[in-house]
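Participant: Here is the input, now give the coordinates:
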Amino acid sequence: VVHRGQVRGQVASHFKAARALAVRDNPTQLREALAELAALERLDAESPDAQALSADVNARLWLEHHQAEAQAEARAHLARAQALESRSGERYATQVLVLLSEGKAPAAADFLADLERQGARSPKLSLAEARLLQARGRLAEARQALSRASEDAWREPRYAAAQGEALLDEGLAAPAAEAFKKALNANPEHLRARLGLALARLYEGGTGADEAERLVTDVLASPEALTPALTARAYTVRAARALAGGQTAPALQALDAALAASPGDVHALVIKARALALAKDPGARAAFEAAAAQRPTAPLPYLDGARVLQAAGDGEGALALLDGYERAFRDVRVTSAEGKSTGALERDDRYWLARGQVLEALTHGEDALAAYDRALSVRGLQRARAQYAKAALLLARGDSTAAQPLLAELAPESGQGTLPEAYEALGRLYFAQGEYALACQHHYLGLSRARAQGASLETLRPRGEELERRLLGAGQKALAQTWKQETEALWR
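Facilitator: So this is what the prediction gives:
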């Protein structure tokens, strides 16, 4: 009896230690958790929860970290947990993830629906549900599931990091950065979150480049603590940093290392396509298409690719990527808060705005206007940008009468508008109408708003000087002097 009691105590101690290590979620701790579970299994091979936790940890190493040798262990422990009738969240969530890895989304959906009818709920199930929704292109619902998981398990970095990864895949760098910060609040040493945050900041505009390189150097100095996915991410961050400085050769060299570690890494493929576009390599379009093929329901390769290819002068390639996006999401249905089912594309203002911009660059003006109107009809987060794009196109076509009210709504005299370019466009319109004081007022509001949003003086000062020259050319010497004095104060 005493011996059995001692064994039970040892089993409980190993299980508690394994769970605590798994919560930390770095590969080193995951491997240590598996060592604790192996010791537990030598004492008790019939523990359903221990088998389920072993399946969960191995599935993480396999599916999240791309450690191929963990697949067989994950499947074996899952089968054992099922045979022992484990009812833990680890068992159920791992079962869903394995079904998805086999391409059995309908079976995964049926299994989750059955669990929901039984009242099962856990962060792990929310994460598994999010993976299913992502695979089906229902991205808004996936974001909600990830948000539930990260809120319910806020002490565990895994869920907030998964939320950050999903947002990166959508090309939403700013909210991704916030999610990674939340993960780091739970574990400041979480490697996936540290590298994810560095990449998100570089996606946002090249910020934190020196800090990113220090992080990569530090991470790569301990290869034993890494996995294929983390190695790929480290080299991808290094490549993104190089590309932010316009250095395509070092970027491509780092990307070769990233893709050698994890050939299907979507972000390595996207950054490689960016580098090729910057180098004017004709293979850029195919590279973005390869990234999209790797993760068909991830918006980043399509939308980022369209923007980059358009800037590189390949408008047809940009449009081809957006056509691919439309094919990927054409049959996806989403349900509104009112319970109404509609096509996902109908609610996708980012897509319609991107399509309008590409069509405009290809001089398909009427089609571009129609796309901007589709974006506006969503009344979503891109409404202001779509409205500005439409107004700018109308101005380019000489229809200032239709453009002016659109700009006036975006650029109120109170200065509360969010788009500096709308203020400057309205300022140019007032200048053309001879309303010089109003033109100066709106130009100033545009420049000050841009300054507040982080625009550099190197880009803003020439715009201020250009207006001064135009005022002098229009015979507005006194106003030009006042303008110069006001903008000098702004530069300070």
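
Participant: got a list of what residue 68 touches?
Facilitator: residue 62 (C-beta atoms under 8 Å, 6 or more residues apart in numbering). Every C-beta, even on glycine, is put in place using the N, C-alpha and C of the backbone.

Participant: pLDDT value on it, please?
Facilitator: Looking at residue 68, its pLDDT is 96.

Participant: does it sit in a helix, a strand or a coil?
Facilitator: Under DSSP: H, G, I helix; E, B strand; the rest coil, residue 68 falls in the coil class.

Participant: Spatially central residue in this protein, please.
Facilitator: Centroid-nearest residue in the chain: residue 168, 1.8 Å away (criterion: C-alpha atoms, centre = their mean).

Participant: Walking through the stretch 251-400 of the chain, point out its strands one by one.
Facilitator: Per DSSP state E, counting those that start in this stretch, the stretch 251-400 of the chain carries strands over the ranges 333-335, 341-343.

Participant: Out of those, flag the one nearest residue 327.
Facilitator: strand 341-343 (13.0 Å; C-beta to C-beta).

Participant: now what about that closest one, what contacts it?
Facilitator: 330, 332, 333, 334, 335, 336.

Participant: Flag the least confident of those.
Facilitator: Comparing those by pLDDT, residue 336 comes last, at 74.

Participant: nearest residue to it other than its sequence neighbours?
Facilitator: Distances taken as C-beta to C-beta, 6 or more residues apart in numbering place residue 342 nearest to residue 336, at 6.6 Å, with adjacent residues excluded.

Participant: State the distance from the residue lying closest to residue 394 once chain neighbours are set aside to residue 410.
Facilitator: The shortest distance from residue 394 to any non-neighbouring residue, by C-beta to C-beta, 6+ apart, is to residue 403 (3.9 Å). The gap separating residue 403 from residue 410 is 11 Å, by C-beta to C-beta, to the nearest Å.

Participant: list residues touching both of the two?
Facilitator: Both residue 403 and residue 410 are contacted by residue 391, under the criterion C-beta under 8 Å, 6+ apart.

Participant: just the helices in the stretch 351-492 of the chain please.
Facilitator: Applying DSSP state H, counting those that start in this stretch to the stretch 351-492 of the chain gives helices spanning 365-378, 383-396, 400-410, 420-432, 436-452, 457-473, 477-491.

Participant: and if you look at the stretch 51-200 of the chain?
Facilitator: Along the stretch 51-200 of the chain, the stretches classed as helices by DSSP H, counting those that start in this stretch are 70-83, 89-101, 105-117, 123-135, 139-152, 157-169, 173-186, 191-205.

Participant: hang on, the earlier thing: can you tell me which of the helices of the stretch 351-492 of the chain is most buried?
Facilitator: helix 420-432 (a mean of 22; mean count of other C-beta atoms under 10 Å).

Participant: Quick check: mean pLDDT of that one?
Facilitator: Summarised as a single mean, pLDDT over helix 420-432 is 96.

Participant: which residues sit against it?
Facilitator: Residues from elsewhere that reach helix 420-432, judged by C-beta under 8 Å, 6+ apart: 384, 388, 391-392, 395, 400, 403-404, 407-408, 410-411, 417, 436, 438-443, 445-447, 449-450, 453, 455, 463, 467, 470, 474.

Participant: circling back: mind giving me the ChimeraX command for buried ones among the contacts of strand 341-343?
Facilitator: Burial among these is assessed by 16 or more other C-beta atoms under 10 Å; the matching ChimeraX selection reads:
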select :334
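
Participant: Can you add distance to residue 22 and give the contacts of strand 341-343 back as TSV?
Facilitator: Below are these laid out as TSV (distance: C-beta to C-beta, whole Å):
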residue	distance to residue 22
330	40
332	34
333	36
334	34
335	34
336	38
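
Participant: closest to residue 478 among the contacts of strand 341-343?
Facilitator: For the contacts of strand 341-343, the nearest to residue 478 is residue 336 (55.8 Å; C-beta to C-beta).

Participant: Now find how far off-centre the longest helix along the chain is within its chain.
Facilitator: The residue-count maximum for a helix in the chain (DSSP state H) belongs to helix 2-24. Remark: helix 2-24 is offset 39 Å from the chain centroid, using C-alpha atoms, centre = their mean, to the nearest Å.

Participant: I'd like to know which elements that helix is packed against.
Facilitator: Where contact means 3 or more C-beta pairs under 8 Å, 6 or more residues apart in numbering; DSSP states H and E, helix 2-24 is packed against helix 27-43, helix 48-59.

Participant: ranking these by burial, who's on top?
Facilitator: The highest mean neighbour count among those, using mean count of other C-beta under 10 Å, belongs to helix 48-59: a mean of 26.

Participant: for the record, mean pLDDT for that helix?
Facilitator: For helix 48-59, mean pLDDT is 98.

Participant: now swap in stretch 439-456 and tell me
Facilitator: Computed over stretch 439-456, the average pLDDT equals 94.

Participant: CA atoms of it as CSV?
Facilitator: Output in CSV follows, covering the C-alpha atoms of stretch 439-456 (Å, rounded to 0.1, in the frame of the first residue of the first chain):
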residue,chain,number,x,y,z
ALA,A,439,-5.5,75.5,-49.3
CYS,A,440,-2.8,76.5,-46.8
GLN,A,441,-5.0,75.4,-43.9
HIS,A,442,-5.6,72.0,-45.3
HIS,A,443,-2.1,71.5,-46.4
TYR,A,444,-0.9,72.4,-42.9
LEU,A,445,-3.4,69.9,-41.3
GLY,A,446,-2.2,67.2,-43.7
LEU,A,447,1.5,67.8,-42.9
SER,A,448,0.9,68.0,-39.2
ARG,A,449,-1.2,64.8,-39.2
ALA,A,450,1.6,63.1,-41.2
ARG,A,451,4.2,64.3,-38.8
ALA,A,452,2.1,62.9,-35.9
GLN,A,453,1.9,59.6,-37.7
GLY,A,454,5.7,59.3,-37.9
ALA,A,455,6.5,60.7,-41.3
SER,A,456,10.1,61.9,-41.6
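
Participant: what's the offset of it from the middle of its chain?
Facilitator: On C-alpha atoms, centre = their mean, the centre of stretch 439-456 falls 28 Å from the chain's centre.

Participant: Ok, stretch 93-103 next?
Facilitator: Here stretch 93-103 shows a centroid-to-chain-centroid distance of 23 Å under the convention C-alpha atoms, centre = their mean.

Participant: which stretches of this structure aren't confidently modelled?
Facilitator: Scanning the chain for pLDDT under 70 picks out 1-5, 206.

Participant: change it to 80
Facilitator: Across the chain, the ranges flagged by pLDDT under 80 are 1-5, 206-207, 336-338.

Participant: Leaving out chain neighbours, which residue sits closest to residue 223?
Facilitator: Nearest non-adjacent residue to residue 223, counting by C-beta to C-beta, 6+ apart: residue 231, 7.4 Å away.

Participant: what about that neighbour, how many neighbours?
Facilitator: Other residues lying near residue 231 total 21 when counted by other C-beta atoms under 10 Å.

Participant: Let me know the angle separating the helix or strand it falls within from helix 27-43.
Facilitator: Residue 231 belongs to helix 228-244 when assigned by DSSP states H and E. Angle, helix 228-244 to helix 27-43, by axes from the mean of the first three to the mean of the last three C-alpha atoms, to 10 degrees: 180 degrees.

Participant: elements contacting helix 228-244?
Facilitator: Helices and strands touching helix 228-244, by 3+ C-beta pairs under 8 Å, 6+ apart, are helix 191-205, helix 209-220, helix 248-261, helix 266-278.

Participant: from what I can see the residue nearest to the centre of the chain touches residue 201, true?
Facilitator: No: using C-beta atoms under 8 Å, residue 168 is not in contact with residue 201; the gap is 11.2 Å.

Participant: Redo the strands of the stretch 251-400 of the chain as JSON lines? Include distance to residue 212.
Facilitator: Formatted as JSON lines, the strands of the stretch 251-400 of the chain follow (distance: least, C-beta to C-beta, whole Å):
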{"stretch": "strand 333-335", "distance to residue 212": "35"}
{"stretch": "strand 341-343", "distance to residue 212": "39"}
